[in-house]
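Peer 1: Pasted the sequence and its predicted model underneath.
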Amino acid sequence: MSDAVLSVRDLVVGYGGRPVLNNIDLSLNANEVLCLIGHNGAGKSTLLKSLFGLVAPESGAILLNGEAVTPDPRGMTANGLSLVPEGRGVFPGMTVAETMKLGMWAAGVPEAERADRVDWVMSVLPVMKQFYDRRAGNLSGGQQQMVSIGRALLSKPRCLLMDEPSIGLAPKLFQDLLGPIRELQQSTGMSILLVEQNVREALKVSDRVVVMKSGEMTWEGLPSDLDDNSKLMELY
Ligand SMILES: Nc1ncnc2c1ncn2[C@@H]1O[C@H](COP(=O)(O)OP(=O)(O)OP(=O)(O)O)[C@@H](O)[C@H]1O
């Protein structure tokens, strides 16, 4: 039996009748970080959006724990999925505390559990305590990205979709940010689908890699298969 947490079969997604994803097949397994790479416009964000219910597929199936689902953000969150959107998606005028409060409301965290939930997120990302009462617009890019990730963790997801968390961050900062998430993933068995342009850094925290080109999956392998730069160039 497959231990896929999330999978797609023959998925076709487009905008205004123009297909962007063509018959995609992909599985995200329990307890793995799957890195999805591909050039600009390949369709990576579109895939994540369709998995989370932000874009409706034209055809094909999305399966959560083996069951076909019609994703919508609330339903997917309730079923253990969470999205760290491209571009962070934090409101500059809100403090981190307010962002977390809104995030808990959006994720449907019961009132009685909210204080514990924030404490838990802070235990995963303790650095956030240092800027908890500051407005997101006054934070650095790395701090904003941490807020975006922290917000996505509020629902205690079993499966995290991350859309280019490294954008605008120095490589060292990327590892500081992703290190605690990799630890959490390994200790809890969470699954992560990580979309990245910063391939070298992303592969350090990944178990498996898939390559997408012009809306199609063109390669699957292990991070070590891409140690050689020429192989990476050939796939891109
Ligand atoms: N809302 C939209 N309406 C129309 N076309 C869109 C929309 N969003 C994306 N596209 C188009 O779909 C294609 C795939 O875009 P997508 O953002 O999924 O690619 P990507 O691989 O995530 O690229 P990037 O790395 O630049 O974010 C592109 O041609 C893009 O212009």
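Peer 2: Alright, I've got the coordinates.
Peer 1: start to end distance for stretch 205-223?
Peer 2: Its first and final residues considered, stretch 205-223 spans 9 Å by Cα to Cα, to the nearest Å.
Peer 1: Is there any residue in that stretch that contacts the ligand?
Peer 2: No: Stretch 205-223 lies out of reach of the ligand by Cβ under 6 Å from any ligand atom, never closer than 6.9 Å. The C-beta positions use only the backbone N, C-alpha and C, and glycine is treated the same way.
Peer 1: Only the buried residues of that stretch, if you could.
Peer 2: Of the residues in stretch 205-223, 205, 206, 207, 208, 209, 210, 211, 212, 215, 217, 219, 223 count as buried by neighbour count, 16 or more other Cβ atoms under 10 Å.
Peer 1: Look up which residues are beta-bridged to the closest residue to the fourth one other than its chain neighbours.
Peer 2: Excluding the flanking residues, the one nearest residue 208 by Cβ to Cβ, 6 or more residues apart in numbering is residue 34, at 5.0 Å. In this structure, residue 34 has beta-bridge partners residue 193, residue 208, where bridges are defined by DSSP bridges.
Peer 1: Now for the buried residues of stretch 205-223: which two are most distant?
Peer 2: Greatest spacing in the buried residues of stretch 205-223, by Cβ to Cβ: 205 and 215 (25.9 Å).
Peer 1: OK, contacts around the closest residue in space to residue 59 that isn't next to it in sequence?
Peer 2: Distance criterion Cβ to Cβ, 6+ apart; nearest residue to residue 59, sequence neighbours excluded, is residue 12 at 4.6 Å. Contacts for residue 12 were tallied using Cβ atoms under 8 Å, 6 or more residues apart in numbering; they are 19, 21, 22, 23, 24, 57, 58, 59, 60.
Peer 1: Pull out the buried positions in the helix or strand of the chain with the lowest mean pLDDT.
Peer 2: One helix or strand of the chain scores below all others by mean pLDDT, DSSP states H and E: helix 229-235, with a mean of 84. Across helix 229-235, burial judged by 16+ other Cβ under 10 Å covers 232, 235.
Peer 1: thinking again about what came up before, just confirm the residue nearest to residue 59 is within a strand.
Peer 2: Yes: judged by DSSP: H, G, I helix; E, B strand; the rest coil, residue 12 forms part of a strand.
Peer 1: So it versus residue 47, what's the distance?
Peer 2: 11 Å (Cβ to Cβ, to the nearest Å).
Peer 1: now do residue 57
Peer 2: Taking Cβ to Cβ, one finds residue 57 at 10 Å from residue 47.
Peer 1: So between these two, which is more surrounded?
Peer 2: residue 47 (28 against 21; other Cβ atoms under 10 Å).
Peer 1: Pretty sure the more buried one sits against residue 22.
Peer 2: No: with contacts counted by Cβ atoms under 8 Å, residue 47 stays clear of residue 22, the gap being 11.3 Å.
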